[in-house]
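Engineer: no sequence for this one, just the structure:
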């Protein structure tokens, strides 16, 4: 279980590969993420999020990051089971359909965002945010947070291995006992990350961060024909779905519900 908690973080770490998905502009992939998220949240039936999930799997195959993506999906399996159980118990009616739909929402959104971060470097993502008008200070904070997610996962795994070598058992006992046994992991992790934050602050000061208002960059992002085509395809698909939704002309199979 502890291994899966770590792998779900590593599943969002950028993997540098030469594929058509990696070559797309981050803004293009951002448009896809926004459209996929809108379609996923628009419906309370299982088919739309399932379609979004399948499209993200196709992108995973093209990007050749199946193993890393699978790590994320395995890591979110426990949370998916929890979401299914809670929604099944809390839904006033059509319990099975609602629980399946909400679980597929979680899985689909996790898959979509995993594809984005697995195929988009932090540097390109930062440039995309700057192109959208986000101030550089906020861009730096956000991209550094993303960059240190896999670092946090490695630190967590290192501390878990160290504590296990000292005889700490994380998989035995009841829920309260397991929570208590994670304290020897949580405390050193917090202390270690606080020390790391001070190191980062000192490094930024040593490089005179913020001394110059106008910044230059090694290269600029440029939208290519493939980027415009991908954006147009994503927006066209979303427009068709929204138009059919508002006019009540959606096909019946798209609104299919799981029988209770």
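Structural biologist: Good, I have the coordinates. Predicted model only: the values in this text are computed from it and were never measured.
Engineer: which regions of the protein lie under the pLDDT threshold?
Structural biologist: 1-12, 173, 175 (pLDDT under 70).
Engineer: domain assignment for it?
Structural biologist: What the record gives for the chain is the domain set 1-120+223-260, 124-220, from automatic domain parsing.
Engineer: out of the ones you listed, deepest packed?
Structural biologist: domain 1-120+223-260 (a mean of 17; mean count of other C-beta atoms under 10 Å). (Each C-beta comes from the backbone N, C-alpha and C, glycine too.)
Engineer: Contacts only, for residue 116.
Structural biologist: 29, 30, 32, 33 (C-beta atoms under 8 Å, 6 or more residues apart in numbering).
Engineer: swap in residue 35?
Structural biologist: Here residue 35 is in contact with 234, 235, 237, 238 (C-beta under 8 Å, 6+ apart).
Engineer: in which helix or strand would I find it?
Structural biologist: Per DSSP states H and E, residue 35 falls inside helix 26-42.
Engineer: tell me the angle the very next helix or strand once past that helix makes with helix 26-42.
Structural biologist: Per DSSP H and E, the first helix or strand lying C-terminal to helix 26-42 is helix 47-63. Counting by axes from the mean of the first three to the mean of the last three C-alpha atoms, to 10 degrees, helix 47-63 points 150 degrees away from the direction of helix 26-42.
Engineer: quick one: contacts of helix 47-63?
Structural biologist: 17, 19-22, 36, 39-40, 42-43, 66, 69, 101, 104-105, 107-108, 111-112, 114-115, 118-119, 241, 253-256.
Engineer: let's go with 7 Å and repeat that
Structural biologist: Here helix 47-63 makes contact (C-beta atoms under 7 Å, 6 or more residues apart in numbering) with 17, 19-22, 36, 39-40, 42, 66, 69, 101, 104-105, 107-108, 111-112, 115, 118-119, 253-254, 256.
Engineer: What of stretch 80-89?
Structural biologist: So stretch 80-89 is contacted by 95, 96, 98, 99, 102, 103, 106, 107 (C-beta under 7 Å, 6+ apart).
Engineer: Can you list the residue ranges for helices in the chain?
Structural biologist: Secondary structure of the chain by DSSP state H: the helices cover 2-10, 20-23, 26-42, 47-63, 66-75, 77-90, 95-119, 122-131, 136-165, 175-181, 183-206, 225-247.
Engineer: mind putting these in CSV, distance to residue 218 included?
Structural biologist: Listed next are the helices of the chain as CSV, based on distance: least, C-beta to C-beta, whole Å:
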stretch, distance to residue 218
helix 2-10, 27
helix 20-23, 18
helix 26-42, 16
helix 47-63, 24
helix 66-75, 27
helix 77-90, 39
helix 95-119, 20
helix 122-131, 9
helix 136-165, 15
helix 175-181, 47
helix 183-206, 19
helix 225-247, 20
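Engineer: which stretch among these comes nearest residue 217?
Structural biologist: helix 122-131 (6.6 Å; C-beta to C-beta).
Engineer: how far is that closest one from where the chain is centred?
Structural biologist: Chain-centre distance of helix 122-131: 17 Å, with C-alpha atoms, centre = their mean, to the nearest Å.
Engineer: now the angle from that helix to helix 26-42?
Structural biologist: Using the same axes, to 10 degrees: helix 122-131 against helix 26-42 is 80 degrees.
Engineer: looking just at contacts, which helices and strands does helix 122-131 meet?
Structural biologist: For helix 122-131, the packing partners by 3 or more C-beta pairs under 7 Å, 6 or more residues apart in numbering; DSSP states H and E come out as helix 26-42, helix 136-165.
Engineer: Contacts for it, please.
Structural biologist: In contact with helix 122-131 (C-beta under 7 Å, 6+ apart) are residues 14, 26, 27, 30, 136, 139, 142, 143, 146, 147, 217, 221.
Engineer: go on, stretch 237-246?
Structural biologist: 35, 38, 39, 42, 250.
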